[in-house]
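Trainee: Compute the structure for the input listed below.
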Amino acid sequence: MHEFKVWAPGAAKVSVKAGDALYAMHGPDGHGWWNAAVEDAGPGTDYGFQVDDDPAIYPDPRSPRQPNGVHGISRVYDHRAFAWHDEHWQAPPLAGGILYEMHVGTFTPGGTLDSAIERLDYLFELGITHVELMPVAAYAGDRGWGYDGVALFAVTENYGGPDALKRFVDACHGRGLAVVLDVVYNHFGPVGAYAGKFGPYLTSRHRTPWGDAVNFEDRGSDEVRRFFCDNALMWMRDFHVDGLRLDAVHEFVDRSAIHFLELLAAEVEVEAATLGGRLVLIAESDLNDPRVVRPRAAGGYGIDAQWSDDFHHALFTVLHKEDGWGYYSDFGSLEKLAKSLTHVFVYDGDYSKYRRRRHGRPVEGLSAHHFIGFIQNHDQVGNRATGDRLERVVGMDRAKVAAGLVLTSPFVPLLFQGEEFAASTPFLYFADHDEPEMAKLVSEGRKREFAAFGFGEQEVPDPEVRETFERSRLNWQETGEGSHKEMLQWYRALIHLRRTSVSLNDGDMGHIKVRFSEEDRWLAMERGGVQVLVNLGDMDANFEAPGGFRVALVSRGGVAGDGGRILLPPNTLAVLSSESEQESRMKGA
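Mentor: I've put the predicted structure just below:
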């Protein structure tokens, strides 16, 4: 016997088709819910709902499995049937973590969660602590980035379905790796979004880049908020994921007394206490508002961390200049890079030329560990016209400098798959919208977007053709070849240093000092017993080497030291350390 439930507050009648039979449902109750107990139904039963006089059978908005894609009917799934092996698992703290962002479909030739398991030992040996999966919720078509999910409680069958995700998480935990899952709560995808057939999940009172906004504050919003909170808790409880990355929370419009983010953080805190584990929430936000990560007790939303876009923009634009590229026009100086390293937000109340208004507010009294630092991620690579990675744009030497700054910065570092070996494969924007008109709009829109930057139609890969997806798969043979092997060794050394250094794991923003010369293009960052020296100029840069410091790492040859000075050639980074071997052992080296 299985009890079917669905929220359809405006319906006059609802039926459930379970197997070959149609059953009238009872309802609605005071909150708009309908239910029906079906004696012969259980795990494996296919089902769908019929609303009012519409003869179509629609999938469940909370469907646990969509075996035939998002347009097919749902299937009852028993979360209790999976045999877990992680009963003693405890996730490492995010504050000391190294995150690795992964797109399952392009990470391995197999493109599934099971095939990704084959590379987990590599990630562990690299020094990764948290694997961050791009969205796995079911979406239309057989390939995509995952941000157009429509069946948010179901794992896409393209990656192997729900059991495959559980096998992946179980395998990660068995190797000491935590799992963070990217979820999208700011919109539904444009194809296969049937939730709107049942209730007001969206509201026309507010607009987002994807259309109507999610209904977090209008009529019926209690159950919409419950839908997304239940979704978050499901991933943590039933799939054992250790945290969620919340996509583009700046597109949430919620003027409720308790903001949705605050509600979610409070419920996740209770779930963590119940499960006896460590759960984290990471937000993507371009608001430059520290309230997102400020504790709830201090009047914030209580999210654990957020991506630091200002750090990325400031770092990228001192490595490479691209005229006319939107938000990059607000950056481009070492002064702004220094501010991002010492104050997190470059725009913390200052006027933004790009936005044509003042933006942000200062970060005060917060650890740098509330912020995620990176030089590459799926957006910053994939949203380029040709998906070119950093090494292709700035060259090997500057890409090494960038990696060095990310992994010695005060922020929690994040790597994007393949950057650690300077992958030659691009990461392109790709999709597979199975509605011809939608596919045409996406293809044409992509070409128009980059025509403004001087790209011809033939230069911008068509996101809807399979070749664009196939070109984005990592080539793992590269890890043992030439410059790719060299870059991988550099990342391994940096990660080892990061994870074994007391100073580099200190999140106190007051303990960071940065000096720079805009004219000569050098920067020096002091973090306790570690100093990071960078030369991005055209000439050698001469730095003082304080007594008691040794050269721990250099990004390239040609570095010279004599008489308390150190000479760095152009496009070089050096790390000096005064920390003792005993301090390293205390960190677990």
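Trainee: helix, strand or coil for residue 414?
Mentor: With DSSP: H, G, I helix; E, B strand; the rest coil as the basis, residue 414 sits in strand.
Trainee: swap in residue 131?
Mentor: Residue 131 ends up strand, using three-state DSSP.
Trainee: What residues does the residue nearest to residue 393 when sequence neighbours are not counted make contact with?
Mentor: For residue 393, ignoring the flanking residues on the chain, the nearest one in space by Cβ to Cβ, 6 or more residues apart in numbering is residue 320 at 5.5 Å. Just so you know, the C-beta spots here come from the backbone N, C-alpha and C atoms, and that holds for glycine as well. Residues counted as contacts of residue 320 (Cβ atoms under 8 Å, 6 or more residues apart in numbering) are 393, 394, 398.
Trainee: hang on, the last one packs against residue 570?
Mentor: Read it as residue 398. No - counting by Cβ atoms under 8 Å, residue 398 does not reach residue 570; the two are 9.6 Å apart.
Trainee: okay, and the common contacts of those two?
Mentor: residue 536.
Trainee: and the residue nearest to residue 184 when sequence neighbours are not counted, what is it in contact with?
Mentor: The shortest distance from residue 184 to any non-neighbouring residue, by Cβ to Cβ, 6+ apart, is to residue 247 (4.6 Å). Contacts for residue 247 were tallied using Cβ under 8 Å, 6+ apart; they are 135, 147, 182, 183, 184, 185, 186, 284.
Trainee: Now, the residues you listed that are in strands?
Mentor: Under the assignment DSSP state E, the contacts of residue 247 contribute 182, 183 to strands.
Trainee: returning to what we had before: who's more crowded, residue 398 and residue 570?
Mentor: residue 398 (21 against 17; other Cβ atoms under 10 Å).
Trainee: Excluding sequence neighbours, find me the nearest residue to the more buried one.
Mentor: residue 319 (4.9 Å).
Trainee: do the same with residue 85
Mentor: That would be residue 170: by Cβ to Cβ, 6+ apart, it lies 5.6 Å from residue 85.
Trainee: and the one you found, what helix or strand is that in?
Mentor: helix 161-174 (DSSP states H and E).
Trainee: For residue 149, the count of nearby residues, please.
Mentor: Neighbour tally, residue 149, other Cβ under 10 Å: 27.
Trainee: list the contacts for it?
Mentor: 135, 137, 138, 139, 156, 184, 188, 189.
Trainee: Which positions within stretch 303-321 qualify as buried?
Mentor: 303-320 (16 or more other Cβ atoms under 10 Å).
Trainee: now the helices for the stretch 151-300 of the chain?
Mentor: Assigned by DSSP state H, counting those that start in this stretch, the stretch 151-300 of the chain shows helices spanning 161-174, 221-238, 260-275.
Trainee: can you put those in CSV and add mean neighbour count and distance to residue 72?
Mentor: Putting the helices of the stretch 151-300 of the chain into CSV (neighbours: other Cβ atoms under 10 Å; distance: least, Cβ to Cβ, whole Å) gives the following:
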stretch, mean neighbour count, distance to residue 72
helix 161-174, 21, 13
helix 221-238, 19, 20
helix 260-275, 17, 30
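Trainee: which one of these lies closest to residue 468?
Mentor: Smallest distance to residue 468 across those (Cβ to Cβ): 24.3 Å, for helix 161-174.
Trainee: Which other helices and strands does the closest one contact?
Mentor: helix 113-117, strand 149-155, strand 178-183 (3 or more Cβ pairs under 8 Å, 6 or more residues apart in numbering; DSSP states H and E).
Trainee: Packed most tightly, which of these would that be?
Mentor: strand 149-155 (a mean of 26; mean count of other Cβ atoms under 10 Å).
Trainee: Now do it against helix 161-174, angle only.
Mentor: 60 degrees (axes from the mean of the first three to the mean of the last three Cα atoms, to 10 degrees).
Trainee: sec struct for residue 100, please.
Mentor: From three-state DSSP, the assignment for residue 100 is strand.
Trainee: Name all residues that make contact with it.
Mentor: 123, 126, 128, 130, 131, 132, 414, 415, 417.
Trainee: What degree of burial does residue 257 show, as a neighbour count?
Mentor: For residue 257, using other Cβ under 10 Å, the count is 7.
Trainee: Quick check: phi and psi at residue 481.
Mentor: Per-residue torsions, residue 481: phi -120, psi 130 (degrees, to the nearest 10).
Trainee: Repeat that for residue 427.
Mentor: phi -120, psi 100.
Trainee: Next, the distance between the ends of stretch 404-413.
Mentor: 11 Å (Cα to Cα, to the nearest Å).
Trainee: What is the subsequent helix or strand relative to the helix or strand hosting residue 312?
Mentor: Assigned by DSSP H and E, residue 312 belongs to helix 309-319. Downstream of helix 309-319, the first helix or strand assigned by DSSP H and E is helix 334-343.
Trainee: Let's see that following helix as PDB, backbone CA atoms only.
Mentor: Output in PDB follows, covering the C-alpha atoms of helix 334-343 (Å, rounded to 0.1, in the frame of the first residue of the first chain):
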ATOM      1  CA  LEU A 334      46.200  45.600  -8.200                       C
ATOM      2  CA  GLU A 335      44.600  48.000  -5.800                       C
ATOM      3  CA  LYS A 336      41.300  46.200  -6.300                       C
ATOM      4  CA  LEU A 337      42.900  42.800  -6.000                       C
ATOM      5  CA  ALA A 338      44.500  43.900  -2.700                       C
ATOM      6  CA  LYS A 339      41.200  45.100  -1.500                       C
ATOM      7  CA  SER A 340      39.500  41.800  -2.300                       C
ATOM      8  CA  LEU A 341      42.200  40.000  -0.300                       C
ATOM      9  CA  THR A 342      41.900  42.200   2.700                       C
ATOM     10  CA  HIS A 343      38.200  43.300   2.700                       C
END
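Trainee: same for that helix, what does it pack against?
Mentor: Using 3+ Cβ pairs under 8 Å, 6+ apart, helix 334-343 sits against helix 309-319, strand 512-517, strand 522-527.
Trainee: Contacts for the longest one, please.
Mentor: By Cβ under 8 Å, 6+ apart, the surrounding residues in contact with helix 309-319 are 286, 288, 327-328, 330-334, 336-337, 339-341, 344-347, 371, 373-375, 377, 380, 390, 393-394, 398, 401-402, 405-406, 409, 411, 521, 536.
Trainee: now the angle from that helix to strand 412-416?
Mentor: Using the same axes, to 10 degrees: helix 309-319 against strand 412-416 is 60 degrees.
Trainee: what about helix 309-319, average pLDDT?
Mentor: Averaging pLDDT along helix 309-319 yields 97.
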